[in-house]
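1. sequence first, then the predicted structure, then my questions.
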Amino acid sequence: MESLMEIVRKHEEWRGKQTINLIASENVASPQVRKLMSSDLIHRYTAPDRFYMGTKFIDEIEELTAKVAREVFRAEYADPRPLSGHIADWILLSCFTKLNDKILSVSPANGGYPGISDLGLTRFMLRKNLYFPFNQDKWNIKVDEASGLIEKDKPSLIVFGASLILFPQPVKEFAKAAKAVNAKVAFDGAHVLGLIAGRRFQDPLREGAEVLIGSTHKSLFGPQGGIILSNATSGKIVKESIHPGLVDNAHYNRIAALCMALLELKSFGKAYADQVVRNAQTIGKALDERGVPVKCREYNYTESHQIILDDDKFKGKTDYHRTLEQANIVIDRGTRIGTCEITRRGMRHAEMERIAELISRLLVKKEAAERIAKEATKLRNEFSELEYCFKE
């Protein structure tokens, strides 16, 4: 039987050095972030009641991380303790809804996050789901129909954001309707936090959202984890509720690593976010022109880090995800292609054209996967240094 270390070595050699990673929910952490993940903090505890001794530096790290997060997102409150974006969603629902409350969000059928749908948390927490009317041609919420739904059904919590998200969502347009029914407005920025930090996508906390939550390892290039950002009023509720009921040990190596990623965003976030979106728009257009159809052509494909392949126009290729994997090009099975990691590795317009050409040759022209795999690895190996981070 292969040893664990050998399996990990093979993974790192393949995924880390040989493949072009286009998974929209992944990124790559800097050497500094990785170093902090393996620091002595990996063993340690602290707690708000100061139960543990020897924590003066850990407490300082937690305070610094919250401070930097507040600055990056211009939030009045920041909490880096959620262990994942999903846990951040659970905290949101726990703090701001009660039994049988109605929650309005984007349906999983339209790219919404399943974790807060009737497939996920609300099923166990006994909340009721409502879903935004959605226009799949524009890949966004139907404002007029949704306003009527809010007035009629009076949800307690309105959650914007989605897993398949191409364009800014109309938070500002619903602020008045939400206030009229006393609904809390939140934005699940799991996918777009890095773009929000870079001032490139939208600014939910200025547009009417009271809470901004999300994962810290997608367009935000930190370690896997979650974060909560909010105004002072909502932050007070979270702070009083989160420990020890919802999070106990918050994994302080992760929090230190997140702080470094946030410092990187503070210094390089705008340039990074701009390039991520330019790359997504470029690869969307390049694929579409080469016979791999992409949704929302008339809207320049996207304003985020991802594009969505149009399966309805791509008949007979339902297993292309596996074919791409055999060619060392990795996507997920949700038809998304993301540009976060390849942007962090320094790829730009020319490389988006090259990647699109490889995908087209594989899926449209039916060239052998083995041949494409060699070219994909060659392209990947041209970009060995990460950008948008501090140099050691």
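-> Alright, I've got the coordinates.
2. other SSEs contacting the helix or strand where residue 33 lies?
-> Secondary structure here is read from DSSP states H and E; on that basis residue 33 sits in helix 31-37. Under the contact criterion of 3 or more C-beta pairs under 8 Å, 6 or more residues apart in numbering; DSSP states H and E, helix 31-37 touches helix 252-289. Every C-beta, even on glycine, is put in place using the N, C-alpha and C of the backbone.
3. state the mean pLDDT of the helix holding residue 33.
-> Average pLDDT, helix 31-37: 97.
4. do you know how far residue 167 is from residue 296?
-> 8 Å (C-beta to C-beta, to the nearest Å).
5. can you pull the residues that touch both of those two?
-> With C-beta atoms under 8 Å, 6 or more residues apart in numbering applied, the overlap between the contact sets of residue 167 and residue 296 consists of 138-139, 302.
6. any chance of these in a markdown table with pLDDT and distance to residue 194 as columns?
-> Formatted as a markdown table, the entries for the shared contacts of residue 167 and residue 296 read as follows, by pLDDT from 0 to 100; distance: C-beta to C-beta, whole Å:
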| residue | pLDDT | distance to residue 194 |
| --- | --- | --- |
| 138 | 97 | 24 |
| 139 | 98 | 20 |
| 302 | 98 | 15 |
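7. which PyMOL command selects the buried ones in those residues?
-> In PyMOL, this line selects whichever of the shared contacts of residue 167 and residue 296 come out buried by 16 or more other C-beta atoms under 10 Å:
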select buried, resi 139+302
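8. how long is stretch 384-392 end to end?
-> The straight-line separation of the ends of stretch 384-392 (C-alpha to C-alpha, to the nearest Å) is 15 Å.
9. can you list the buried residues in it?
-> For stretch 384-392, a neighbour-count test (16+ other C-beta under 10 Å) marks 386-389 as buried.
10. so the one residue sitting closest to the centre of the chain: helix, strand or coil?
-> When the chain is reduced to its mean C-alpha position, the closest residue under C-alpha atoms, centre = their mean turns out to be residue 191, at 2.1 Å. With DSSP: H, G, I helix; E, B strand; the rest coil as the basis, residue 191 sits in coil.
11. now the end-to-end length of stretch 173-193.
-> 21 Å.
12. brain fart, stretch 39-57
-> In stretch 39-57, first residue to last residue: 13 Å (C-alpha to C-alpha).
13. any idea which element residue 129 lies in?
-> Using DSSP H and E, residue 129 sits in strand 128-131.
14. so how far is that strand from its chain's centroid?
-> Shown here is strand 128-131, whose average C-alpha point lies 22 Å from the average C-alpha point of the whole chain (C-alpha atoms, centre = their mean, to the nearest Å).
15. just after that strand, pick out the following helix or strand.
-> Per DSSP H and E, strand 128-131 leads on to strand 134-135 as the next helix or strand towards the C-terminus.
16. what lines up beside that next one in the sheet?
-> Strand partners for strand 134-135, identified by DSSP bridges, are recorded as strand 140-141 (antiparallel).
17. what is the mean pLDDT for the strand it pairs with?
-> Summarised as a single mean, pLDDT over strand 140-141 is 98.
18. quick one: name whatever helix or strand follows it.
-> Going down the chain from strand 140-141, the next helix or strand is helix 143-153, by DSSP H and E.
19. other SSEs contacting that following helix?
-> Right, helix 143-153 is packed against strand 102-105, helix 171-180 by 3+ C-beta pairs under 8 Å, 6+ apart.
20. how does it look with 7 Å?
-> helix 171-180 (3 or more C-beta pairs under 7 Å, 6 or more residues apart in numbering; DSSP states H and E).
21. nearest to residue 61 among the shared contacts of residue 167 and residue 296?
-> Using C-beta to C-beta, the shortest approach to residue 61 within the shared contacts of residue 167 and residue 296 belongs to residue 302, at 35.8 Å.
22. I'd say the closest one and residue 166 touch.
-> Yes - the pair residue 302 / residue 166 is scored as a contact, 4.5 Å apart, by C-beta atoms under 7 Å.
23. neighbour-wise, which of residue 167 and residue 296 wins?
-> Neighbours were tallied for residue 167 and for residue 296 using other C-beta atoms under 10 Å; the higher tally belongs to residue 296 (21 against 18).
24. re earlier: give me the common contacts of residue 302 and residue 166.
-> When contacts are counted by C-beta atoms under 7 Å, 6 or more residues apart in numbering, the set common to residue 302 and residue 166 consists of residue 296.
25. re earlier: mind pulling the model confidence for the residue nearest to the centre of the chain?
-> In this prediction, residue 191 has a pLDDT value of 98.
26. please tell me how far it sits from residue 334.
-> According to C-beta to C-beta, residue 191 and residue 334 sit 11 Å apart.
27. residue 61 too?
-> Counting by C-beta to C-beta, the gap from residue 61 to residue 334 is 35 Å.
28. which one's more surrounded, these two?
-> Set side by side, residue 61 and residue 334 show more neighbours around residue 61, with 20 against 16, by other C-beta under 10 Å.
29. contacting residues around residue 392?
-> Counting by C-beta under 7 Å, 6+ apart, residue 392 touches 31-32.
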